[in-house]
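A.B. asks: Kindly return the folded structure for what I paste below:
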Amino acid sequence: MHIQWILKPFYELKPDELYAALQLRNEVFVVEQNCLFQDADDKDQASYHLLGFTDNKLVAYTRLVPPDVIYKEPSIGRVVTSPSVRGTGAGKELMKESINTAYQLFGAVPLKIGAQLYLRKFYESFGFFQIGEGYIEDGIPHIYMLKTT
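C.D. replies: Down below sits the predicted model:
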């Protein structure tokens, strides 16, 4: 599968791109995970958005957040792949692209994420490690993780 990557700051997103990102985030985080939460958290405007398209359909997305917006460190968040591409390696490709792009944007500095606990081994495969205790966010167990350079 070939994924075409597009990176844009919030204010350069076309309406269709923004809609596709919000639609995918809602499809997975709200409907699939049955989790009612405020996805529009006023962090999108300060962030870069990495969109992965296959055949003009958004199949992978992350939000790259500059330092001092959520954490002291830059962050990769809202990591999501479409159910239609699960098991194809799209998630791994998304994280590799996200990490490389975060380093290009923010420099070779540590990256911090708030990860769903069940994905710990996935993120560890990219060099992230757990820091601190776990916590519950929107009814789902999470952990903070850091990737040092």
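
A.B. asks: Now the top helix by length along the chain: buried residues?
C.D. replies: Longest helix in the chain by number of residues (criterion: DSSP state H): helix 90-106. By 16 or more other CB atoms under 10 Å, the buried positions in helix 90-106 come out as 90-91, 93-95, 97-99, 101-102, 106. In this view, the C-beta of every residue, glycine as well, is placed from N, C-alpha and C.

A.B. asks: now do stretch 110-120
C.D. replies: So, applying 16+ other CB under 10 Å, buried residues of stretch 110-120: 111-113, 115-116, 119-120.

A.B. asks: quick revisit: for the longest helix of the chain, the distance to its chain's centre please.
C.D. replies: Mean-position distance between helix 90-106 and its chain equals 9 Å (CA atoms, centre = their mean, to the nearest Å).

A.B. asks: Helix or strand next in line after it, which one?
C.D. replies: For helix 90-106, the following helix or strand on the C-terminal side (DSSP states H and E) is strand 111-116.

A.B. asks: Please save the CA atoms from that next one in CSV.
C.D. replies: These are the backbone C-alpha positions of strand 111-116, laid out as CSV (Å, rounded to 0.1, in the frame of the first residue of the first chain):
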residue,chain,number,x,y,z
LEU,A,111,9.2,13.4,22.3
LYS,A,112,6.5,12.8,24.9
ILE,A,113,3.2,11.0,24.3
GLY,A,114,0.1,10.1,26.4
ALA,A,115,-0.5,6.6,25.1
GLN,A,116,-3.4,4.1,25.7
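
A.B. asks: Between the buried residues of helix 90-106, which sits nearest residue 68?
C.D. replies: Taking CB to CB as the measure, residue 68 lies nearest residue 106 of these, at 10.9 Å.
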